[in-house]
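Student: Have a look at this fold, sequence not included:
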Ligand code: SF4
């Protein structure tokens, strides 16, 4: 995995709560191969009409938000199914971070494993940011993963927290599975004890 | 993150968690040992990444699989899946499992079914185990007193390769259901009420332990329905303490222990329930005696109301964000505020899924269907949760009751719960469903899903609109 330290990009508002993973990528695209092009199914039924024509009202179809690489969302973003395809679709589309007051648990952990930053900020910060995006669209947001600091387009900075283990993996491009494979001796000795207890 | 109480009374979750802890890092990440891994036909990407790394499943004897998401329910012939990409999903599971010596119950196997139905049915899911599956409704298996939760594809690859998983310790919420459920009210109505009470994010970051007289009074199948929808309340796992109901259910199942092993397992299982006085991070109390049969009106499982209720009015909602959400949901659902639920006509009925596709669910639906006819405008399907459920239902003559009433009697699979196999409704259709999610587009683009229990679904099928099943039972 490529190390991630800093993201500077434009942001788009997804200003509704409980955006479930069925919205992020509808189930009928789940069998599509993971070939780096899943971005075309991102928010498919919101982004396109039934005829496949882009919906001009959807935020990612409107400049300047069409170039956004950060999403600003409402509470419980990514609730619903465990489909990692939701993260792959965001990633393939080019989204690098989602800022929200809260996330679905499985979505959040899937994001971290794919280098997509799920950044939790207090609801009032998110609401302020949504207001800024509405008033002056097109500004950029800077995310410093090392310092766990996000700087909004109005210049204010806010602390966030990412699980330290995952943060370490992201900053250094460490693969979790490789790390575990280096610990297999401990797993085996545990397994031995466990097997005896539960035999 | 809560810290574990090493001494003093412990919760059932505490006991299972500490029993499976291999490594605990200072930052709180814990490497857990995984007892059982269930797999299905959405697993192609995980096997691909395993292969890319030159790895193999580390403990194939503890992995069990079945195709469910992509299988057609009008045939058992793989070759008849018209879409090659979908057919590939099923084929790839079968090939990968065979190559890795993983037990898999294929389309022709008499044990095939929805992964969360067959785990308990075959005795693979047992008390005290950590069980995972790349599917969020893995919470179902917690009904047996296991810690069972859904994981993403990267985590799946990790479990396949190492039989372990990194997790942070979640908090524990106890939901106490006091009193007794009234006649005609089911586990589905109980869980919909819980979700409507705490909201779809109500238990985020938590594991739920369901307890109280209304829970212990449930059959194992009712408990499976209850735990199944924990994820719709935001919880990754739900659990019920194992008791005599659990043990009687498990005894004699194909993968359950036998003889001396059974006696030893029983001794361990009896020690699992939360100790008296164990502390929970949160507690919610529900009065089960006041629950009526529930129906969802909107596009979130928390939008559940009693059958004798009316579609809510957004104008009565003070919170602007919630009001806007309600307006959007009503527009999608094609409903107006104040409509009585019993005035709403339906187009389709789907009885099945890992929530309500077990034998007791089919019996409850058949009891309503018996001697009645599906409404002339309604297309109604019964999709058993597994092949054993289907065979049991046929042995009891339930298939004949359904067919006589005008229901389609189909083969086992996920089917219209998610529609990944292509079985979806048409835009604008109103579908009454015993499944677990009423999200926008879940059962097909533009399809309007209403979640209910199985008898309520049958009642809607035979009356052509939502109906209070309690009246039909009374013969009124
Ligand atoms: S029945 Fe529905 S919820 Fe259950 S595993 Fe299948 S698709 Fe998922």
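Tutor: Great, that's in hand. None of these values were measured; they are calculated from a predicted model. Residues are numbered from 1 along each chain as shown, chains lettered A, B, ... in the order given.

Student: Before we move on, what's the pLDDT of residue 48?
Tutor: Going with chain A. Residue A:48 is assigned 96 on the pLDDT scale.

Student: hm, I was asking about chain B
Tutor: For residue B:48, the model assigns a pLDDT of 93.

Student: What degree of burial does it show, as a neighbour count?
Tutor: Residues contacting residue B:48 under the criterion other C-beta atoms under 10 Å in any protein chain shown number 16. Placement of C-beta: from N, CA and C, glycine included.

Student: how far away is it from the ligand?
Tutor: Distance from residue B:48 to the ligand, counting by C-beta to the nearest ligand atom, to the nearest Å: 21 Å.

Student: ok, now which ones touch residue 123?
Tutor: By default, I'm working from chain A. Contacts here follow C-beta atoms under 8 Å, 6 or more residues apart in numbering or on different chains; on that basis residue A:123 touches A:75, A:101.

Student: was after chain B, sorry
Tutor: Here residue B:123 is in contact with B:250, B:253-256 (criterion: C-beta under 8 Å, 6+ apart).

Student: now the residues you listed: which count as buried?
Tutor: Buried by 16 or more other C-beta atoms under 10 Å in any protein chain shown: B:250, B:253, B:256, out of those.

Student: Can you tell me which of the residues you listed is closest to the ligand?
Tutor: residue B:253 (20.2 Å; C-beta to the nearest ligand atom).

Student: Quick one, grab the pLDDT at that closest one.
Tutor: 98.

Student: what sits against it?
Tutor: B:121-123.

Student: please redo it, this time with the cut-off set to 7 Å
Tutor: B:122-123 (C-beta atoms under 7 Å, 6 or more residues apart in numbering or on different chains).

Student: By residue count, what's the longest helix in chain B?
Tutor: Counting residues, the longest helix found in chain B (DSSP state H) is helix B:84-99.

Student: any bit of that helix sitting next to chain A?
Tutor: Yes. Using C-beta under 7 Å from any C-beta of the partner chain, helix B:84-99 reaches chain A at B:85-86, B:89.

Student: got the contact list for residue B:41?
Tutor: Residue B:41 touches B:67-70, B:89-90, B:93, counting by C-beta under 7 Å, 6+ apart.

Student: picking that back up, now, which of the contacts of residue B:123 lie within strands?
Tutor: Using DSSP state E, no member of those falls in strands.

Student: Now compare those residues and name the two farthest from each other.
Tutor: B:250 and B:254 (10.7 Å; C-beta to C-beta).

Student: so where does residue B:51 fall, helix or strand?
Tutor: Assigned by DSSP states H and E, residue B:51 falls within helix B:44-52.

Student: So which elements touch that helix?
Tutor: helix B:84-99, helix B:153-162 (3 or more C-beta pairs under 7 Å, 6 or more residues apart in numbering or on different chains; DSSP states H and E).

Student: give me that answer again for 6 Å
Tutor: helix B:153-162 (3 or more C-beta pairs under 6 Å, 6 or more residues apart in numbering or on different chains; DSSP states H and E).

Student: So is the helix or strand in which residue A:196 is found next to chain B?
Tutor: Following DSSP H and E, one finds residue A:196 within helix A:184-197. Yes. Against chain B, helix A:184-197 shows contacts by C-beta under 6 Å from any C-beta of the partner chain at A:186-187, A:190.

Student: For the host helix or strand of residue B:22, which strands pair with it and how are they oriented?
Tutor: Here residue B:22, judged by DSSP H and E, is contained in strand B:21-24. Strand B:21-24 sits in its sheet next to strand B:29-33 (antiparallel), going by DSSP bridges.

Student: what does chain B put close to chain A?
Tutor: Counting by C-beta under 6 Å from any C-beta, chain B sits next to chain A at B:22-23, B:27, B:29, B:45, B:85-86, B:89, B:135-136, B:150, B:152-154, B:158, B:162, B:164, B:200-201, B:204, B:236, B:300, B:418-420, B:439, B:441-442, B:445.

Student: if I pick whichever residue of chain A sits closest to the ligand, what's in contact with it?
Tutor: Distance from the ligand to each residue of chain A (C-beta to the nearest ligand atom) is smallest for residue A:81, at 7.3 Å. Listed by C-beta atoms under 6 Å, 6 or more residues apart in numbering or on different chains, the contact set of residue A:81 reads A:21, B:136.

Student: separation between it and residue B:397?
Tutor: 36 Å (C-beta to C-beta, to the nearest Å).

Student: what does the model give residue 164 for pLDDT?
Tutor: I'll assume chain A. At residue A:164, pLDDT is 93.

Student: nope, chain B please
Tutor: Confidence score, pLDDT, at residue B:164: 98.

Student: my guess is it meets residue B:29, correct?
Tutor: No. Residue B:164 is beyond contact range of residue B:29, at 11.7 Å (criterion: C-beta atoms under 6 Å).

Student: can you give me the strands in chain A?
Tutor: A:6-14, A:70-73, A:97-100, A:117-120, A:140-144, A:149-151, A:157-159.

Student: and if you look at the stretch 1-150 of chain B?
Tutor: For the stretch 1-150 of chain B, applying DSSP state E, counting those that start in this stretch gives strands covering B:21-24, B:29-33, B:36-39, B:63-65, B:103-104, B:130-133, B:147-150.

Student: Now residue B:276: closest residue in space that isn't a chain neighbour?
Tutor: Closest residue in space to residue B:276, ignoring its immediate chain neighbours: residue B:9 at 6.4 Å, by C-beta to C-beta, 6 or more residues apart in numbering or on different chains.

Student: quick one: low-confidence ranges for the chain?
Tutor: Going with chain A. In the predicted model, chain A carries pLDDT under 70 at residues A:199.

Student: I was after chain B.
Tutor: Using pLDDT under 70, chain B drops low at B:1-6, B:474-476.

Student: what residues does it put near the ligand?
Tutor: Counting by C-beta under 6 Å from any ligand atom, the positions of chain B adjacent to the ligand are B:68-69, B:114, B:116, B:135, B:137, B:353-354, B:414, B:417-418, B:435-436.

Student: mind listing what residue 172 touches?
Tutor: All of this refers to chain A. Contacts of residue A:172 by C-beta under 6 Å, 6+ apart are residue A:3.

Student: not quite, I wanted chain B
Tutor: B:11, B:13, B:207, B:280-281 are the contacts of residue B:172 under C-beta under 6 Å, 6+ apart.
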